[in-house]
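Chemist: Need the 3D shape of this:
(chains A and B)
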Amino acid sequence: MDRAFASKFAKSVFLTVCGLIVLMYIGSRFFTHVDLALYGYMVGTVVFICGFFYRFIAWGERPPTKIIIKKGIKLLFRKSTPKTSADHLVTYRFIWNRGWWRWLQHILLGWGCIISAMVTFPLVFGWMYFTMEDNGFYTVVGFGLDIMTIPADGFLAYLFFNALNISAFMVIGGVCMALYRRIKNMQAKAEQTFVYDFLPLYLLLFVSITGLLLTVSNMFLHGWGHPVMSLIHQWSVIMTLIYLPFGKLAHIPFRPLSVFARNYREHYGQQAMKPCSVCGTPFVSMEQSGDVVDVLKQNGMQFNMEDGFNLAELCLPCRRKYRLSRFTGIPTHTIPVKEANQNAKG
Amino acid sequence: MKQHLYIEMDNCIGCRSCLAACTQCGGHDERNRNYVYDVNPLVDRQTIPLMCLHCVNPACARSCPAQAIQVTEEGAVLSALVEKCIGCQNCTIACPYGIPKFDEEQNLMYKCDLCYDRTKEGIPPMCASVCPTNTLQWLTEEELAAKKAQHQMGKWTASRDFLDPLEGETNVKISLPGIIQGKQKLFV
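Modeler: Now for the predicted structure:
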């Protein structure tokens, strides 16, 4: 099977695109309900898939990434996975702990994007569409199945038809909050660059505004300029999709790895902890300690000391004190005195 | 003009001004990222500050599965990018000096970033700006060369230099506690 493809990349892209076509075939009732006005998004998705696999495979080849992915997949069915996933990927609890402003900003941006993707792509691939059997009632068809019948002027229908408007407002709000933070926050100001930090925000803003202008054109201008604006909007979405795997937005597809990392730490932490070679305090799992030593070795770094231990086997305070012993010749790390007064109160 | 943080270890009096100053750096979130250690706590009061030495080939970044630790043009090794850090803590295990700190609540690693908002503009990092004894200094390449020449006494150096005290090349330069002290060291 592997020899049928020139590379892992070719294989992944081919299989994914084939899978997508099969899903389209089934989901759109055998290609009878594909909205060809949206074909540009379809092509954009295929280009995105190519970019995504290119980036993901290159990234997954790095020694530490490879380990986390491999062991993370093995530990995927831990009991704590649903809770960790919800915390990390749905409610963003760790961002809440960084401040309510950043949390709100990320909820608006993150969920705005997710909602729009969940509306757009089913429409593009014919996985969701509406039919009208009785006058005044829409039947929602999801993946070829009649899911529900709703009154065309009802509240639910209102939400369905305006989902992209609502998500656009969420994204615009989030982008404004993010831009404000980038202007005010000292750390952000020090490290940000236009291409990495601002470009994705402007892209999202561009997508949301051009999308909203379509609604404006429909509601207030009797459709004036709609064909041109829909092309501009389509173009903006495709540009964003092409950019997505390569810039800051790449954290969207890569972020689930934080669940892997948590599982990895919890699972191996329960199995066996590594005691510090100097003071004996357990400080990391045996597995992770070994993995880090391996990864460093692959990078040509081996911190094997003459004193008979690897630096990765020392707990953090002992490792710092050991460095002092290298500076002065006095074996600070073996003197049984706790580190004192290390945390200044800001 | 490239500048370096320089640690003159002899001079440290353990006042911990550098720790307090570190908390006040923009974006440090009022948490210090450096350390001050007693060298021989049951015997004397000598202390030495320790912070990220900003390796040229940083083990923390090499061990990061998410490519979250970036190295700037100036050679500063930054804290993990917030959107990339997945909280595996490989960096804390990999660092040969035990520098990176980890916030469990925020699921985020943070470390000395050489006060990047200041140093990229040529302003000394917070710790070096407040150090009352010139233990921490912010030097140009020429000043650094002059220091080195000063400590050279013929074939020998004043500083203890017979074994390499570090693991690989670093952007922060150090001057070890010396045996022949006094001459000019305190006031340079």
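Chemist: Just grab the bridge partners of residue B:35 for me.
Modeler: On the basis of DSSP bridges, residue B:35 takes part in beta bridges with residue B:50.
Chemist: any idea where the strands of the stretch 1-150 of chain A begin and end?
Modeler: Secondary structure of the stretch 1-150 of chain A (DSSP state E, counting those that start in this stretch): strands located at A:128-131, A:137-142, A:145-151.
Chemist: closest one to chain B among the ones you listed?
Modeler: Of all the strands of the stretch 1-150 of chain A, strand A:128-131 sits nearest to chain B, with 30.1 Å by C-beta to the nearest C-beta. C-beta: built from backbone N, CA, C; applies to glycine.
Chemist: Mind checking what helix or strand follows the worst-scoring helix or strand of chain B on mean pLDDT in sequence?
Modeler: For chain B, the helix or strand with the lowest mean confidence is strand B:156-157, at a mean of 54 (criterion: mean pLDDT, DSSP states H and E). Sequence-wise, the next helix or strand downstream of strand B:156-157 (DSSP states H and E) is strand B:173-175.
Chemist: how far out from the middle of the chain is that following strand?
Modeler: Relative to its parent chain, strand B:173-175 has a centroid offset of 9 Å by C-alpha atoms, centre = their mean, to the nearest Å.
Chemist: Just confirm residue B:57 is within a helix.
Modeler: No. Applying DSSP: H, G, I helix; E, B strand; the rest coil, one finds residue B:57 to be coil, outside a helix.
Chemist: Flag every residue of the stretch 51-200 of chain A that's near chain B.
Modeler: By the criterion of C-beta under 8 Å from any C-beta of the partner chain, the positions of the stretch 51-200 of chain A lying close to chain B are A:59, A:62, A:64-65, A:67-69, A:88, A:94-95, A:97-98, A:185-191.
Chemist: which residues sit in contact with residue B:39?
Modeler: For residue B:39, the contacting residues are A:324, A:328, A:330, A:332, B:46-48, B:177, by C-beta atoms under 8 Å, 6 or more residues apart in numbering or on different chains.
Chemist: same thing but at 6 Å, please
Modeler: Residue B:39 makes contacts with A:324, A:328, A:330, A:332, B:46, B:48, as judged by C-beta atoms under 6 Å, 6 or more residues apart in numbering or on different chains.
Chemist: related to what we said a few turns ago, so how do I select the buried members of the residues of the stretch 51-200 of chain A next to chain B in PyMOL?
Modeler: For anyone working in PyMOL, the buried entries among these, judged by 16 or more other C-beta atoms under 10 Å in any protein chain shown, can be selected with:
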select buried, chain A and resi 59+62+64+65+67+68+69+88+94+95+97+98+185+187+188+190+191
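Chemist: In helices only, show me the residues of the stretch 51-200 of chain A next to chain B.
Modeler: Counted as lying in helices by DSSP state H, out of those, are A:59, A:64-65, A:67-69, A:94-95, A:186-191.
Chemist: Can you give the domain ranges for the chain?
Modeler: By default, I'm working from chain A. Residue ranges for the domains of chain A, per automatic domain parsing: A:2-259, A:271-334.
Chemist: not what I meant, chain B
Modeler: Following the assignment in the TED database, chain B carries domains at B:1-51+B:122-187, B:55-111.
Chemist: can you tell me if the last one touches chain A.
Modeler: Translated: domain B:55-111. Yes. Domain B:55-111 lies in contact with chain A when judged by C-beta under 6 Å from any C-beta of the partner chain; the contacting residues are B:59, B:62-63, B:65, B:83-84, B:86-88, B:90, B:93-94, B:96-98, B:105-107.
Chemist: Quick one: buried ones out of those?
Modeler: Of all these considered here, the ones buried according to neighbour count by 16+ other C-beta under 10 Å are B:59, B:62-63, B:65, B:83-84, B:86-88, B:90, B:93-94, B:96-98, B:106-107.
Chemist: per-residue confidence for the closest residue to chain A within chain B?
Modeler: Residue nearest to chain A within chain B: residue B:27 (2.2 Å; C-beta to the nearest C-beta). In this prediction, residue B:27 carries a pLDDT score of 80.
Chemist: how many other residues sit next to it?
Modeler: Neighbours of residue B:27 under the rule other C-beta atoms under 10 Å in any protein chain shown: 17.
Chemist: Could you give the backbone dihedrals for it?
Modeler: phi 90, psi 0 (degrees, to the nearest 10).
Chemist: now swap in the one 5 residues further on and tell me
Modeler: When quoted as degrees, to the nearest 10, the phi and psi of residue B:32 stand at phi -80, psi 150.
Chemist: Setting the sequence-adjacent residues aside, check what's closest to it.
Modeler: Counting by C-beta to C-beta, 6 or more residues apart in numbering or on different chains, residue B:32 lies nearest to residue B:22, which is 3.9 Å off, once chain neighbours are set aside.
Chemist: With pLDDT as extra columns, can I get the ones in helices among the residues of the stretch 51-200 of chain A next to chain B in CSV?
Modeler: Below are these laid out as CSV (pLDDT from 0 to 100):
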residue, pLDDT
A:59, 92
A:64, 94
A:65, 94
A:67, 94
A:68, 94
A:69, 94
A:94, 94
A:95, 95
A:186, 80
A:187, 78
A:188, 84
A:189, 83
A:190, 79
A:191, 83
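Chemist: ok, the residue of the stretch 101-250 of chain A found nearest chain B - contacts?
Modeler: For the stretch 101-250 of chain A, the residue closest to chain B is residue A:187, as judged by C-beta to the nearest C-beta, at 2.2 Å. In this structure, residue A:187 makes contact with residue B:27, judged by C-beta under 6 Å, 6+ apart.
Chemist: go on, residue B:65?
Modeler: For residue B:65, the contacting residues are A:64-65, A:68, by C-beta under 6 Å, 6+ apart.
Chemist: Can you tell me which of the residues you listed lies closest to residue A:75?
Modeler: The shortest separation between residue A:75 and any of the contacts of residue B:65 is 10.3 Å, and it belongs to residue A:68 (by C-beta to C-beta).
Chemist: On the three-state scheme, the nearest residue to that closest one once chain neighbours are set aside is what?
Modeler: On the basis of C-beta to C-beta, 6+ apart, the spatially nearest residue to residue A:68 that is not a chain neighbour turns out to be residue B:65, at 4.4 Å. Three-state secondary structure (criterion: three-state DSSP) places residue B:65 in coil.
Chemist: Ok, residue A:323 next?
Modeler: When states are read from three-state DSSP, the local structure at residue A:323 comes out as helix.
Chemist: Now it: closest residue in space that isn't a chain neighbour?
Modeler: With C-beta to C-beta, 6+ apart as the measure, residue B:97 is the residue that lies nearest to residue A:323, at 5.2 Å, once sequence neighbours are left out.
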